[in-house]
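K.L.:
Everything below, folded, please.
(chains A and B)
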Protein chains: 2
Amino acid sequence: MASADLHALYRNYIACLNLQDWPRLADFVAADVCHNGRRLGVAGYRAMLEKDFEDIPDLRFAIELLVADHEVVASRLRFDCAPRGTFLGLPVNGKKVSFTENVFYEVRERKILQVWSIIDRPAIEAQL
Amino acid sequence: MASADLHALYRNYIACLNLQDWPRLADFVAADVCHNGRRLGVAGYRAMLEKDFEDIPDLRFAIELLVADHEVVASRLRFDCAPRGTFLGLPVNGKKVSFTENVFYEVRERKILQVWSIIDRPAIEAQL
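P.N.:
Residues are numbered from 1 along each chain as shown, chains lettered A, B, ... in the order given. So this is what the prediction gives:
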């Protein structure tokens, strides 16, 4: 896919997440989608995201950097939110924190097939 | 810069690191380079890398994914190495571990000006 098409696809995917428009998720995510090496499928991927919004009621995905070419999208996402209870093993307990995620996606046939995500956990730790 | 030029620049930068060819580092890194928001400059950046090679004698940067466009390079790097002593606050003590880093770079005038790196520390933790 051309870079501009990948950018548009990705921005629509992020809009879908922020709207929690789960019936549309399969428009962006392949039937056998994998996340950090685990094959989740659309239902498992949706369950992961639904749990994220349950744990973080004010969750919002904001794109800070976006670069895409051929079959790869790379995005740096920023989050300003207040996770409830324990988050990534850290006792956040509703405190407002700011952190980033650097994430790569493999796109095949206009859908996300693989996701390799790393969240900046030490940045959260430093804010507690 | 065109995507192909950024790819070439980045691969040469990684080759420079793997050769520990520090006199050439300033060919790739801007005079006022910042790493995760800290302004290091070339000397500080070199000192950081030299310390990495001191702490990890068998350190080698391997590019797993690379995507670049305009002024941004995104790379997923893989490391298979045996850090000495404590690494990222973890008691690795010479054990061979495998982990990744998802990293973005802003490139200006053919040199790296900003680096935003996140290392997959939980992956290392899981191997100890």
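
K.L.:
rest of the way, CA atoms for contacts and neighbours
P.N.:
Noted.

K.L.:
The helix or strand containing residue A:126 and chain B, any residue contact?
P.N.:
Following DSSP states H and E, one finds residue A:126 within helix A:121-127. No: using C-alpha under 8 Å from any C-alpha of the partner chain, helix A:121-127 stays clear of chain B, coming no nearer than 8.6 Å.

K.L.:
buried residues in that helix?
P.N.:
A:121, A:124 (16 or more other C-alpha atoms under 10 Å in any protein chain shown).

K.L.:
Quick one: mean pLDDT for that helix?
P.N.:
Taken as a whole, helix A:121-127 has an average pLDDT of 94.

K.L.:
just how off-centre is that helix within its chain?
P.N.:
Helix A:121-127 sits 18 Å away from the centroid of its parent chain (C-alpha atoms, centre = their mean, to the nearest Å).

K.L.:
next one: stretch A:39-48
P.N.:
12 Å.

K.L.:
Would you tell me which residues of chain A are close to chain B?
P.N.:
Residues of chain A lying close to chain B by C-alpha under 8 Å from any C-alpha are A:67-69, A:72-74, A:76, A:101-104, A:117-120.

K.L.:
Among the residues you listed, find the lowest-pLDDT one for me.
P.N.:
Looking at these by pLDDT, the weakest one is residue A:69, with 91.

K.L.:
partners of that one in the sheet?
P.N.:
residue A:72 (DSSP bridges).

K.L.:
Show me what the helix holding residue A:126 is packed up against.
P.N.:
Judged by 3 or more C-alpha pairs under 8 Å, 6 or more residues apart in numbering or on different chains; DSSP states H and E, the packing partners of helix A:121-127 are strand A:97-108.

K.L.:
Buried residues of the strand it packs on, list them for me.
P.N.:
For strand A:97-108, burial by neighbour count (16+ other C-alpha under 10 Å) applies to A:97, A:99-107.

K.L.:
What of stretch A:79-90?
P.N.:
Neighbour counts over stretch A:79-90 (16+ other C-alpha under 10 Å) mark A:79, A:81-84, A:87 as buried.

K.L.:
Identify all contacting residues around it.
P.N.:
A:55-62, A:91-100, A:121, A:125 (C-alpha atoms under 8 Å, 6 or more residues apart in numbering or on different chains).

K.L.:
In its sheet, which strands sit next to whatever helix or strand residue A:117 lives in, and in what direction?
P.N.:
The secondary structure element spanning residue A:117 is strand A:111-119 (assigned by DSSP H and E). Strand partners for strand A:111-119, identified by DSSP bridges, are recorded as strand A:29-35 (parallel), strand A:97-108 (antiparallel).

K.L.:
before we move on, back to that, go through the residues of chain A next to chain B and single out the one with the most neighbours.
P.N.:
With neighbours defined as other C-alpha atoms under 10 Å in any protein chain shown, the most crowded of the residues of chain A next to chain B is residue A:74; it has 31 neighbours.

K.L.:
gap between the residue nearest to the spatial centre of chain A and chain B?
P.N.:
Closest residue to the average C-alpha location of chain A: residue A:61 at 7.1 Å, with C-alpha atoms, centre = their mean. Distance check for residue A:61 against chain B: by C-alpha to the nearest C-alpha, to the nearest Å, it reads 18 Å.
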